[in-house]
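Novice: Here is the input, now give the coordinates:
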Amino acid sequence: MHGFQLSRTLFWAVIAFLALLAFRPWIEMWLIERAAEPRAVTARGELAADERSTIAIFESVSPSVVYITTTNQLVSPWTREPGEVRRGTGSGFVWDDQRHIVTNWHVVAEASAAWVRLADQRSFRAELVGKSPAHDLAVLRISGAWQAPTPVPIGRSADLRVGQKVFAIGNPFGFDYSLTTGVVSALERTVYNERSGEIRSLIQTDAAINPGHSGGPLIDSAGRLIGINTAIFSTSGTFTGIGFAVPVDTINRVVPQLIARGRYMRPHIGIVGDDGMSQPILKQLGVEGVLVLGVGSGSPAENAGLIETRVSPTGEVLPGDIIQRVDGHPVSEMEELIQVLEQYQVGDRVTLAILREGRRVDVPIDLGGQALDRD
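Specialist: This is a model prediction of the structure:
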């Protein structure tokens, strides 16, 4: 009896084993399907404060950023029919509620037409209102009647400090409305642009700026405009950690003139200066400043009585006035004098601290205007 029960148990064990082998594929499939089910989502919790701030800045400013496409006229060699071909792309931003768009001059230079696409994907043809190649700035105006997005809030660049957080919004490589972040890396940088020449007093940032970012806004942590992205320093043509922006104080000074006159009138006093010629004379005299080599006829300098450098009948050089300060700001070279005067408006009165024949003289002078139309 005991042997019979053992045989019976063995028999059912063999049957169960065979059944397991027979149903093994289905059992494995069932286990795999159970394992392939989505995992439970772990609760995220609140976003970090700096993340919420960055999101708020982007959502606030991006509707005012535009995508600019430029075209050129081209006559087909086959049909001899004129047509438009795409030239390039860039960025810009809404300046005011009069449909003015600010961008870089190099974004629209040499283009026969420009199109502006808003954040809501509407596209409008734009006309050139004014340009200042010396500052790499241009103003467009969108044709037709429409409700302009809210202009980007304006900040200040004079009080920027290295290390401040910044945000760049633009359309790099055609990928529209891209946000990059970084800090102010340096101030008062000078770069050379093949089209605009030397551009001074730029903001340097490590926020990624690539082709297509040009003309887009550089924003501070308060969501205010502090610059316009204008250039990168790169041997490959793409971002390598160094980007530059025209400071907002320059923009806020130049753009209103471009809207009103179509060009920028640089404040000037009407003197001729050449550091290469004057530095040996100043070094011999043991002084610093800007030597007045010549005075323009009818210029503010002539009206103020500035004395130019002369040569005596015996060939001796008689140094003219040496400008050392403008309203207390020291100047030691011609380009520095130009940059100081750029902080003023045409018609403003400034006081020049002058060294005249060994005596220090204060001369008040009303600033004139000099058109900058360099393309």
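Novice: Could you give the average pLDDT over the longest strand anywhere in the chain?
Specialist: The residue-count maximum for a strand in the chain (DSSP state E) belongs to strand 178-193. For strand 178-193, the mean pLDDT works out to 88.
Novice: Same check on stretch 348-360?
Specialist: 93.
Novice: Kindly report the same for stretch 200-218.
Specialist: Mean pLDDT, stretch 200-218: 88.
Novice: repeat for stretch 124-131
Specialist: Rounded mean pLDDT across stretch 124-131 is 94.
Novice: Then stretch 38-48?
Specialist: Averaging pLDDT along stretch 38-48 yields 86.
Novice: Stretch 245-256 too?
Specialist: On average, the pLDDT along stretch 245-256 is 95.
Novice: Can you point out the buried residues in it?
Specialist: Using 16 or more other Cβ atoms under 10 Å as the test for burial, stretch 245-256 gives Ala245, Val246, Pro247, Val248, Asp249, Thr250, Ile251, Arg253, Val254, Val255, Pro256. The way it works is simple: take the backbone N, C-alpha and C, and place the C-beta from them, glycine included.
Novice: Could you do stretch 358-375 as well?
Specialist: Neighbour-count burial for stretch 358-375 flags Val363, Ile365, Leu367, Gly368, Gly369, Gln370 (criterion: 16+ other Cβ under 10 Å).
Novice: Secondary structure and pLDDT added to the residues you listed, as CSV?
Specialist: Shown next, in CSV, are those (DSSP: H, G, I helix; E, B strand; the rest coil; pLDDT from 0 to 100):
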residue, secondary structure, pLDDT
Val363, strand, 94
Ile365, strand, 95
Leu367, coil, 93
Gly368, strand, 90
Gly369, strand, 86
Gln370, strand, 80
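Novice: would CSV of those residues with distance to Arg325 be doable?
Specialist: CSV is the format used below for these (distance: Cβ to Cβ, whole Å):
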residue, distance to Arg325
Val363, 11
Ile365, 13
Leu367, 15
Gly368, 19
Gly369, 22
Gln370, 21
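Novice: quick one: which of the residues you listed is nearest Val340?
Specialist: Relative to Val340, the closest of the buried residues of stretch 358-375 is Leu367; by Cβ to Cβ it sits at 11.1 Å.
Novice: Make sure that closest one is actually in contact with Leu341.
Specialist: Yes. The pair Leu367 / Leu341 is scored as a contact, 6.6 Å apart, by Cβ atoms under 8 Å.
Novice: Okay, helices next: where are they in the stretch 151-300 of the chain?
Specialist: 248-261, 275-285, 300-303 (DSSP state H, counting those that start in this stretch).
Novice: Could you save the ones you listed as JSON lines and add columns showing distance to Val41?
Specialist: What follows is the helices of the stretch 151-300 of the chain, written out as JSON lines (distance: least, Cβ to Cβ, whole Å):
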{"stretch": "helix 248-261", "distance to Val41": "43"}
{"stretch": "helix 275-285", "distance to Val41": "67"}
{"stretch": "helix 300-303", "distance to Val41": "71"}
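Novice: what's the closest of the ones you listed to Leu355?
Specialist: Among these, helix 275-285 sits nearest to Leu355 (Cβ to Cβ), with 8.6 Å.
Novice: Could you save the buried residues of stretch 245-256 as CSV and add columns showing distance to Ser143?
Specialist: What follows is the buried residues of stretch 245-256, written out as CSV (distance: Cβ to Cβ, whole Å):
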residue, distance to Ser143
Ala245, 28
Val246, 26
Pro247, 30
Val248, 27
Asp249, 30
Thr250, 27
Ile251, 23
Arg253, 27
Val254, 23
Val255, 19
Pro256, 21
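Novice: Of those, which is the nearest to Pro280?
Specialist: The closest of the buried residues of stretch 245-256, once distances to Pro280 are taken by Cβ to Cβ, is Thr250, at 33.0 Å.
Novice: which one is that closest one nearest to, not counting chain neighbours?
Specialist: In this structure, Thr250 finds its nearest non-sequential neighbour in His135, 6.0 Å apart by Cβ to Cβ, 6 or more residues apart in numbering.
Novice: The one you found contacts Asn252, doesn't it?
Specialist: No. Counting by Cβ under 8 Å, His135 sits too far from Asn252 to count as a contact (11.6 Å).
Novice: Can you tell me which residue is spatially central in the protein?
Specialist: Asn229 (1.6 Å; Cα atoms, centre = their mean).
Novice: Beta-bridge partners for it, please?
Specialist: Ala245 (DSSP bridges).
Novice: Quick check: it vs Ile242, distance?
Specialist: Asn229 is 12 Å from Ile242, where distance means Cβ to Cβ, to the nearest Å.
Novice: Please apply the same query to Trp105.
Specialist: 21 Å.
Novice: With Tyr177 instead?
Specialist: Applying Cβ to Cβ to Tyr177 and Ile242 gives a distance of 23 Å.
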